[in-house]
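**Student:** structure for the following, please:
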Amino acid sequence: MSPATTDLEVARKWLELAGTSLDGVVAKRLDLPYQPGASKGMLKIKRLRTVDCVVGGIICGGSKTAVSHILRGLYDGELLHLIGSAPLRAADGKKLADIIAGAIEPPGFTGKKLGQVMTQFGHRIGEWHPLKPVLVAEVQYDHFTGGRFRHGAKFVRWRPDKAAVTCSIGQVWTSICPSVPLDWRRRLR
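**Tutor:** Predicted coordinates for the structure are as follows:
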């Protein structure tokens, strides 16, 4: 049985943990009974955050004329680690394919990286292509553990004003545990 409370301050403290040790909290109407398989009277609440990531690679769609996913990375020192992927809408993927035509080249990720073929939701989505680390994207996420996003992240916007080298793992640690010193955050990963 999950813990429950009617104390707003306790619920707020639990919500502060969302995205780290908790996925989120569930608010339930007290006047309705639990209804298995139905979400009537309940609401899942997650903390959504954004982070600026380096686009270290891409995955093309089936037509090969558009980018279907961007592969996002963050620097830890001088190494660019893969931390996840984010799908693009078809229109954004077609625009991006034209923009990055001359930037597809190794190494892409210099730290943690994925294999040549990636699957998502049990489907093969194709070969990935490394990208020079010059493009920055802001993405929205809710849960980051083990050095990567655990749930799907959503592309928000391009950040032409931001240098790729400033996209560090410290952004994530600062947003999820601001009172923990950076050297301890590295040990927690």
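**Student:** give me the element the residue of the chain positioned farthest from its centre is part of.
**Tutor:** Here the chain reaches farthest from its C-alpha mean at D31, the gap being 36.2 Å by CA atoms, centre = their mean. Counting by DSSP states H and E, no helix or strand carries D31.
**Student:** cool, and the one 4 residues further on?
**Tutor:** Counting by DSSP H and E, no helix or strand carries Q35.
**Student:** distance check, the closest residue to G108 other than its chain neighbours against L8.
**Tutor:** Nearest residue to G108, sequence neighbours excluded (CB to CB, 6 or more residues apart in numbering): P130, at 2.6 Å. No exception for glycine: its C-beta is placed from N, CA and C like everyone else's. Applying CB to CB, to the nearest Å, the value for P130 to L8 is 48 Å.
**Student:** which of the two has more neighbours?
**Tutor:** P130 (18 against 8; other CB atoms under 10 Å).
**Student:** distance check, the more buried one against L32.
**Tutor:** P130 is 52 Å from L32, by CB to CB.
**Student:** got the phi and psi for P133?
**Tutor:** Dihedral pair for P133: phi -80, psi 70, per degrees, to the nearest 10.
**Student:** so it is in contact with G73, correct?
**Tutor:** Yes - if you go by CB atoms under 8 Å, P133 and G73 touch, sitting 7.4 Å apart.
**Student:** check the secondary structure at L96 for me.
**Tutor:** Following DSSP: H, G, I helix; E, B strand; the rest coil, the label given to L96 is helix.
**Student:** OK, contacts around the spatially closest residue to it that is not a sequence neighbour?
**Tutor:** Spatial nearest neighbour of L96, chain neighbours left out: V67 (4.6 Å); criterion: CB to CB, 6+ apart. For V67, the contacting residues are I58, I59, C60, G61, L88, D92, G93, L96, A97, I100, by CB atoms under 8 Å, 6 or more residues apart in numbering.
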